[in-house]
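Chemist: sequence plus predicted model, see below.
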Amino acid sequence: MRAEQFARLRIEDRFDEAFGFAEGSVRAVRCRLRPPTVEDGGSVDWGRVGDVVRIDPEPIIAQPGRPWSVPVLASLGSLDDGSPVNVNADAVAGRVASELDAAKLVLLTGVPGVMESMEDAGPISELTAAEARALVTSGVVSGGMRAKVEEALRAL
């Protein structure tokens, strides 16, 4: 079972209003190939990794009679020639939420959330956009959580 299928089934167990499709993600998420970058003195070729350029909402708009449905998308997109590319899942979620003017953006993660330090008892329960930007700028929010926070900010 693909991850997208598993996520859709789990959401349907809870809310009964999920729809998922890898093919729809490829049609909806338009990308350009990520250019090579220089990191630690060496060149990194990202291969078939895309950066989101735009979202075509048509393939993922809620279906008639299901206005509160939850789209579950694979982290795939397509280039202008239609060929598929891998895309950062947080980037897809943030851009889709923004394009569809979503009521909520849910990002799944293996960590408890944004924390000021690893010694904290738990995540910060609420952040303003300015506070989130300050945590990113200061380096408190880094790694995979940085991508999630940046995409959440973009979705605003």
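Modeler: Structure received.

Chemist: who's in contact with the residue of the chain positioned farthest from its centre?
Modeler: Centroid-distance maximum for the chain: Gly41 at 28.9 Å, with C-alpha atoms, centre = their mean. Contacts for Gly41 (C-beta atoms under 8 Å, 6 or more residues apart in numbering) come out as none. Yep, even glycine has a C-beta here, placed from its N, CA and C like the rest.

Chemist: now the one 5 residues further on
Modeler: If you count contacts by C-beta under 8 Å, 6+ apart, Trp46 has them with 33-37.

Chemist: and the longest strand seen in the chain, how far from the chain's centre?
Modeler: Using DSSP state E, we find that the single longest strand of the chain is strand 49-55. On the basis of C-alpha atoms, centre = their mean, to the nearest Å, strand 49-55 sits 11 Å off its chain's mean C-alpha point.

Chemist: tell me the helices and strands packed up against that strand.
Modeler: Contacts defined by 3 or more C-beta pairs under 8 Å, 6 or more residues apart in numbering; DSSP states H and E place strand 49-55 against strand 29-33, strand 76-78, strand 84-87, helix 89-99.

Chemist: pull out the buried positions in the second one.
Modeler: Neighbour counts using 16 or more other C-beta atoms under 10 Å place 76-78 of strand 76-78 among the buried residues.

Chemist: poorly predicted segments of this protein, please.
Modeler: 1-26, 62-70, 121 (pLDDT under 70).

Chemist: let me see the ranges of the helices in it.
Modeler: Per DSSP state H, the chain carries helices over the ranges 3-15, 22-28, 89-99, 129-138, 143-155.
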